[in-house]
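> Predicted model and sequence follow; I will ask about them next.
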Amino acid sequence: MKLEIGNIFIKDIQFAAEAKIADGVLYVDKAALEKVVLEDETIKAVSFDIAKPGESVRITPVKDVIEPRVKVEGRGGIFPGIIAKVDTVGSGKTHVLKGMAVVTAGKIVGFQEGVIDMSGPGAAYTPFSKTLNLVMVCEPVEGLKQHDYEKAVRLAGFRVAVALGELGRNIAPDETKVYETCGIKEGIEKYPDLPRVAYVQMLQSQGLLHDTYVYGVDAKKTLSTILNPTETMDGAIVSGNCVSACDKNPTYVHENNPVVEDLFAQHGKTLNFVCQIITNENVYLADKQRSSDWTAKLCRLLDLDGVIVSQEGFGNPDTDLIMNCKKIEAEGVKTVIITDEYAGRDGKSQSLADADPAADAVVTGGNANEVIVLPKMDKVIGTLDYVNKIAGASEETLQADGSLVVELQVITGATNETGFINLSAR
Amino acid sequence: MDRGYILTNNPLVVEKLGPGAPVEFLECSYKAVLEAARDRIHQGAKLLSHPLSGSVKPGETPYKSVILVNGKGDVDEQSLALIENAILACAKFQQRCDRYRPAVDLDCRLIDWTLLESALASVIV
């Protein structure tokens, strides 16, 4: 499968009467986007704002971050099974509005989190301080239940991203990248001497604010399966989770998964990137048993030499991570696992809730309990009302001078377990 | 499939599942639910759901529900390791949920319920 990604570099975002992209500037028609959001009758109102790198702006509570894309050639459309009709994506040509993101924000539950600081020390800990952000805060109609509100905001974000992506349909990209994988037999013939490597991606799948969707299907109801990695670049996997924001994969990370990117960079050179295997992280232990059995079985069936396994989240998924690692290694396939750590504020506690000697190659995204002081920002998009209640915050969080004392776990993407940011530990 | 039962300190679980459901309600802390589960495991019970379900950490939510099934055999090593690690993990997080406002407390109950509900969906009765 072959996908051409055409990046249109966005250098600025401005509100305007007419929506368009011209000379790298994205002009956003607020009224038109408002209509797109309010198609859903459960959303009472929406406000849009723009946050740029370097500004004294704090966005919170962040729900999702989405990169606008549009399918210009090939099957299907962006976010298949959710916005576009179900069809296999990942081939043809896709245009991307590069350098910007749609950020959805709003309180769904009272202890929610997700902080993006556009400047100051916190900015170094989130990849989304470097993107031009169109932030949308959705207000629900009176009495809307949390499940329905979560879904409404999730889908509204995708609709807005698709509407913006459409503006790039007829724009000549500034940069083009080609990603191509082979069929099984073709790969063996083409790269007989290269190790066969796959990417095992674990997806959050535990319940409200802990879910992920694949082609529109709730990941907790899926068996481990195979994707062509380019499918994820067209939005085949989307986020429905946001609790403990440091190590959840926003949709933007699925669209730009760095493990996929790096494996493609080595494809045909040092390894043969065979495929992506997705598996879930359910609460029920028999589901874990089944999903990890299935993942290991697929690794063996594909005659892999090695896999990279990325986790999403803390605690419950630690068990899936170790189960996957042990069982895949037992099939004679080498593993490298990517996780993050909850090692306590002093860094001295046991980092994971599970472990095994088979997990002898581990990359960490850093210690999510590490404490950071975020100075006051001039402007807050969203609300600080709940900041004392968010994961990683405490009753002393909001200081008299307006600064926040928090653990890294409140910051969107701070310890991302696909390595989407450079934080690690030794 | 063995029929399990739920150990919980979350009133919403009792409310949602109604009278007659296999629920043991404990008026205790998050950690004490885990410790009660550990006691049962030492008596032969097995865990059916993960004790650290959810990304709302110990200390950030007061509520925990776990599904167990009674057994008469040896101690289940996997269950014991999971529950011991979960109890250890409680010490890593700051205690702050005791200062939540009532509305936030209800949200904590809801999230614990949805995590449990996702596991119950997998139980074949």
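That came through fine.
> residue ranges of the strands in the stretch 101-250 of chain A, please?
Using DSSP state E, counting those that start in this stretch, the strands assigned to the stretch 101-250 of chain A run over residues A:116-117, A:132-140, A:175-180, A:196-204, A:210-214, A:217-218, A:225-227, A:237-241.
> again, but for chain B
For chain B, the strands defined by DSSP state E cover B:5-8, B:23-25, B:46-47, B:65-69.
> Out of those, which is closest to A:K44?
Each of those was checked against A:K44 via C-beta to C-beta, and the shortest separation belongs to strand B:65-69, namely 32.9 Å. No exception for glycine: its C-beta is placed from N, CA and C like everyone else's.
> buried set for the top helix by length along chain A?
In chain A, taking DSSP state H as the definition, the longest helix is helix A:146-166. Buried residues in helix A:146-166, defined by neighbour count with 16 or more other C-beta atoms under 10 Å in any protein chain shown: A:146, A:149-166.
> So which of those reach chain B?
Residues of the buried residues of helix A:146-166 in contact with chain B (C-beta under 8 Å from any C-beta of the partner chain): A:Q146.
> Out of the strands of the stretch 101-250 of chain A, which is the most enclosed?
With neighbours taken as mean count of other C-beta atoms under 10 Å in any protein chain shown, the strands of the stretch 101-250 of chain A reach their highest mean count in strand A:116-117, at a mean of 28.
> so A:V109 touches B:D107, yeah?
Yes. Counting by C-beta atoms under 8 Å, A:V109 touches B:D107, with 3.9 Å between them.
> how about JSON lines for the strands of the stretch 101-250 of chain A, with distance to chain B and mean pLDDT added?
As requested, the strands of the stretch 101-250 of chain A are exported to JSON lines (distance: least, C-beta to the nearest C-beta, whole Å; pLDDT from 0 to 100):
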{"stretch": "strand A:116-117", "distance to chain B": "18", "mean pLDDT": "97"}
{"stretch": "strand A:132-140", "distance to chain B": "14", "mean pLDDT": "96"}
{"stretch": "strand A:175-180", "distance to chain B": "31", "mean pLDDT": "98"}
{"stretch": "strand A:196-204", "distance to chain B": "8", "mean pLDDT": "98"}
{"stretch": "strand A:210-214", "distance to chain B": "6", "mean pLDDT": "96"}
{"stretch": "strand A:217-218", "distance to chain B": "9", "mean pLDDT": "96"}
{"stretch": "strand A:225-227", "distance to chain B": "18", "mean pLDDT": "98"}
{"stretch": "strand A:237-241", "distance to chain B": "8", "mean pLDDT": "95"}
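> Next, format those strands as TSV and append distance to A:L352.
As requested, the strands of the stretch 101-250 of chain A are exported to TSV (distance: least, C-beta to C-beta, whole Å):
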stretch	distance to A:L352
strand A:116-117	27
strand A:132-140	32
strand A:175-180	32
strand A:196-204	13
strand A:210-214	18
strand A:217-218	26
strand A:225-227	26
strand A:237-241	20
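> closest one to A:A425 among the ones you listed?
strand A:196-204 (20.2 Å).
> Quick check: the gap between the spatially closest residue to B:I87 that is not a sequence neighbour and chain A.
Taking C-beta to C-beta, 6 or more residues apart in numbering or on different chains, and ignoring the residues beside it in sequence, B:I87 has B:L34 as its nearest neighbour in space, at 5.0 Å. As judged by C-beta to the nearest C-beta, to the nearest Å, B:L34 and chain A stand 12 Å apart.
> Quick one: residues contacting B:L34.
Taking C-beta atoms under 8 Å, 6 or more residues apart in numbering or on different chains as the definition of contact, the neighbours of B:L34 are B:51, B:64, B:66, B:83, B:86-87, B:90.
> So which of those sits lowest on pLDDT?
Comparing pLDDT over these singles out B:C90 as the least confident position, at 90.
> isn't it right up against B:P62?
No. Distance between B:C90 and B:P62: 11.9 Å, which falls outside the contact criterion (C-beta under 8 Å).
> Now the common contact residues for those two.
With C-beta under 8 Å, 6+ apart, B:C90 and B:P62 have common neighbours B:Y30.
> worst-scoring helix or strand of chain B, pLDDT-wise?
Lowest on mean pLDDT, DSSP states H and E among the helices and strands of chain B sits helix B:102-120, with a mean of 90.
> and the residue nearest to B:L48 when sequence neighbours are not counted, how many neighbours does it have?
Distances taken as C-beta to C-beta, 6+ apart put B:I67 closest to B:L48, at 4.1 Å, once the chain neighbours are dropped. The tally of other residues near B:I67 (other C-beta atoms under 10 Å in any protein chain shown) stands at 26.
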